[in-house]
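Novice: Structure for this input, please:
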Amino acid sequence: MSILDTSIADQPRYDCRDAYVETLAELAHADHRIVGVVNDSVGSSKLNSFRKAFPDRLINVGIAEQDMVGVASGLANGGRIPFVSAASCFLTGRALEQIKADVAYSNANVKLCGMSPGVAYGELGPTHHSIEDIAWLRAIANLTVIVPADPVETAAALRWAAASDGPVFIRVSRMSVPKVYADDYEFRLGRAITVRSGDDVTLISNGTVLWRALAAAEQLAAEGISARVLSMPTVKPLDVDAVVEAARETAGIVTAEEAVTGGGLGGAVAETVVQHHPARVSILGIPEFAPTGSAGYLLDRYGLSPEGIADSARQLLKTSS
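Specialist: So this is what the prediction gives:
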């Protein structure tokens with residue numbers, strides 16, 4: 001499943017939006033019910049080729065996110081399978097009521113694809129950062145929340161979503177990331193993947209930060225620290241068993257995500273640990289409105305670099321000894 005035969009940091013990087021549009025076109029060729037719905041985001045979603053191939057199956061509502069989600073819900077009620085594609089900051093911020101009422105509460109078969117999430121729009125500042133999306137959506141019942149880590153997982157999650165009935169949210173990163181998984185990877189809802197075994201401490205991550213957690217584990221291994229790395233693509237429903245096992249078998253857990261520190265992956269892990277097997281948990285993320293700056297700078301600023309994640313693991317081990 002994993003392709004980690006060499007250092008993850010040395011592998012080529014990919015834009016997950018390319019995997020998104022290629023997979024969406026593949027699905028649309030196979031199923032006439034697949035349609036795209038956008039908010040004047042054809043270019044930023046890289047959907048120009050999809051529009052050329054399926055000109056009557058891409059609905060552009062303009063800069064009207066609430067309408068976009070409402071239209072998608074109507075299309076789902078009519079038997080279509082709409083994939084809503086928009087910048088995650090605007091999709092989840094402006095249309096949160098429609099996501100709750102028209103999609104989740106109504107159990108509409110809508111696939112919400114949050115493009116360029118996290119701090120991908122770094123220099124545009126907090127208005128365009130989408131660090132709250134996972135926490136917001138995790139609080140809504142009947143909505144699956146998925147955060148793929150690489151292009152392979154992005155494609156696999158899209159295929160799973162198309163074949164599954166019900167509301168789904170998928171983050172689609174624009175930040176370049178290395179491949180973590182081999183091409184035969186199969187997405188399984190609610191299942192964590194052990195991408196590196198370890199017995200001393202556990203690192204749990206997803207999305208653009210997963211490869212950084214793997215690089216952190218490499219650094220720790222050079223110091224004789226055995227770090228388990230769990231990929232947690234499904235934030236909701238969470239793989240409770242994998243989290244509890246990590247809490248029991250290692251000295252503690254470090255979570256690392258391109259999102260706020262409250263209510264996202266770290267919050268889900270902490271809630272699980274508190275209820276099932278209390279253990280030390282360190283939550284890495286973004287605790288405030290981040291300033292303007294490149295995405296890489298912002299991740300480093302908040303300890304989401306390989307060095308920052310490794311240091312958090314070291315500190316956790318010190319306090320647990």
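
Novice: center of this structure, which residue is that?
Specialist: The C-alpha lying nearest the average C-alpha coordinate of the chain belongs to V147 (C-alpha atoms, centre = their mean; 1.8 Å).

Novice: Looking at that residue now. What's its pLDDT?
Specialist: V147 is assigned 98 on the pLDDT scale.

Novice: Quick one: residues contacting the closest residue to S294 other than its chain neighbours.
Specialist: Residue nearest to S294 in three dimensions, not counting chain neighbours: G122, with 4.9 Å by C-beta to C-beta, 6 or more residues apart in numbering. Placement of C-beta: from N, CA and C, glycine included. Each residue near G122 by C-beta atoms under 8 Å, 6 or more residues apart in numbering is listed here: 129, 292-298.

Novice: What's the separation between G122 and L284?
Specialist: Using C-beta to C-beta, to the nearest Å, G122 is found at 18 Å from L284.

Novice: same thing with D31?
Specialist: Taken as C-beta to C-beta, the span from D31 to L284 is 39 Å.

Novice: Show me which of the two is the more surrounded one.
Specialist: Between D31 and L284, counting by other C-beta atoms under 10 Å, L284 is the more crowded of the two (27 against 12).

Novice: list the contacts for that one?
Specialist: Contacts of L284 by C-beta under 8 Å, 6+ apart are 254-257, 261, 266, 302-304, 308-309, 312.

Novice: do you know how far it is from I204?
Specialist: 10 Å.

Novice: what is in contact with these two at once?
Specialist: Joint contacts of L284 and I204 (C-beta under 8 Å, 6+ apart) are 254-256.

Novice: W211: which of these is nearest?
Specialist: The shortest approach to W211 among the shared contacts of L284 and I204 belongs to A256, at 10.7 Å (C-beta to C-beta).

Novice: Mean confidence (pLDDT) on the host helix or strand of the closest one, please.
Specialist: Using DSSP states H and E, A256 maps to strand 253-260. Averaged over strand 253-260, pLDDT sits at 98.

Novice: now for the next helix or strand after that strand, which elements pack on it?
Specialist: The helix or strand immediately downstream of strand 253-260 is helix 265-276, counting by DSSP H and E. Counting contacts by 3 or more C-beta pairs under 8 Å, 6 or more residues apart in numbering; DSSP states H and E, helix 265-276 is packed against helix 133-138, strand 201-205, strand 234-236, helix 240-249, strand 253-260, strand 281-286.

Novice: Let me see the contact set for I8.
Specialist: Counting by C-beta under 8 Å, 6+ apart, I8 touches 178, 180, 211, 214-215, 218.

Novice: One more: I134?
Specialist: If you count contacts by C-beta under 8 Å, 6+ apart, then I134 has 145, 147, 171, 235, 257, 259-260, 263-265 around it.

Novice: let's go with 6 Å and repeat that
Specialist: Listed by C-beta atoms under 6 Å, 6 or more residues apart in numbering, the contact set of I134 reads 235, 259, 264.

Novice: isn't the second one right next to G285, touching?
Specialist: Just to be clear, that refers to A259. Yes. Judged on C-beta atoms under 6 Å, A259 makes contact with G285 at a distance of 5.4 Å.

Novice: Of these two, which one has the most company?
Specialist: Each of A259 and G285 has its neighbours counted (other C-beta under 10 Å); A259 has more, 30 against 25.

Novice: What distance do you get for the more buried one to V147?
Specialist: Distance of A259 to V147, computed by C-beta to C-beta: 8 Å.

Novice: coming back round to it: if you rank the shared contacts of L284 and I204 by neighbours, which is first?
Specialist: Neighbour max across the shared contacts of L284 and I204 (other C-beta under 10 Å) = A256, 32 neighbours.

Novice: what sits against that one?
Specialist: Listed by C-beta under 6 Å, 6+ apart, the contact set of A256 reads 205, 209, 213, 284, 304, 309.

Novice: Nearest to H276 among these?
Specialist: After measuring the contacts of A256 against H276 - C-beta to C-beta - the closest member comes out as S205, at 20.2 Å.

Novice: circling back: quick one: which of the contacts of G122 sit in helices?
Specialist: Among the contacts of G122, the members found in helices (DSSP state H) are 295-298.

Novice: among those, which ones are buried?
Specialist: The neighbour-count test (16 or more other C-beta atoms under 10 Å) marks 295, 298 as buried among the ones in helices among the contacts of G122.

Novice: pLDDT and distance to D18 added to the ones in helices among the contacts of G122, as JSON lines?
Specialist: Shown next, in JSON lines, are the ones in helices among the contacts of G122 (pLDDT from 0 to 100; distance: C-beta to C-beta, whole Å):
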{"residue": "A295", "pLDDT": "96", "distance to D18": "17"}
{"residue": "G296", "pLDDT": "96", "distance to D18": "20"}
{"residue": "Y297", "pLDDT": "97", "distance to D18": "24"}
{"residue": "L298", "pLDDT": "98", "distance to D18": "23"}
